[in-house]
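Visitor: what's the 3D shape of this:
(one chain, ligands or ions: 1)
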Amino acid sequence: MPQVTDAEYQKRLRQCAVCPFYQDDTCLKCGCYVSYRARLATKHCPVKVW
Ligand code: SF4
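Guide: Residues are numbered from 1 along each chain as shown. Below you'll find the predicted structure:
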């Protein structure tokens with residue numbers, strides 16, 4: 001699976017950390033583990049934050 005750069009990964013994690021749908025490493029919109037999903041270049045935020 002293609003992965004994003006470390007810089008992009010960290011940016012995504014920072015955006016999730018302040019998102020109202022974020023809880024305990026889980027995205028309440030899609031049910032995914034954010035630390036896993038944010039790594040993958042083919043995945044995007046379900047509400048288009050990233
Ligand atoms: S993936 Fe999007 S909706 Fe889910 S926690 Fe991150 S910023 Fe929020």
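Visitor: Name the residue closest to the centre of this protein, please.
Guide: Centroid-nearest residue in the chain, with CA atoms, centre = their mean: Ala38, separated by 3.6 Å.
Visitor: so what pLDDT did His44 get?
Guide: Predicted confidence (pLDDT) for His44: 97.
Visitor: helix/strand/coil for it?
Guide: What DSSP: H, G, I helix; E, B strand; the rest coil gives for His44 is coil.
Visitor: ok, and does the longest helix anywhere in the chain reach over to the ligand?
Guide: As assigned by DSSP state H, the longest helix anywhere in the chain is helix 6-17. Yes. Using CB under 6 Å from any ligand atom, helix 6-17 reaches the ligand at 15-16. Any C-beta I mention is one placed from the backbone N, CA and C, and that applies to glycine too.
Visitor: Wondering if the helix or strand just after that helix reaches the ligand at all.
Guide: Proceeding N to C from helix 6-17, the next assigned helix or strand is strand 22-23, under DSSP states H and E. Yes. Contact between strand 22-23 and the ligand, assessed by CB under 6 Å from any ligand atom, occurs at Tyr22.
Visitor: circling back: got a list of what the residue nearest to the centre of the chain touches?
Guide: By CB atoms under 8 Å, 6 or more residues apart in numbering, the contact set of Ala38 is 4, 9, 12-13, 16, 50.
Visitor: Quote the end-to-end distance of stretch 20-38.
Guide: Using CA to CA, to the nearest Å, one end of stretch 20-38 lies 16 Å from the other.
Visitor: Sort out which residues of that stretch are buried, please.
Guide: Residues of stretch 20-38 classed as buried: 22, 26-27, 32, 34, 37-38 (neighbour count, 16 or more other CB atoms under 10 Å).
Visitor: Cys30 contacts Arg37, correct?
Guide: Yes. Look at Cys30 against Arg37 with CB atoms under 8 Å: they come within range, at 7.4 Å.
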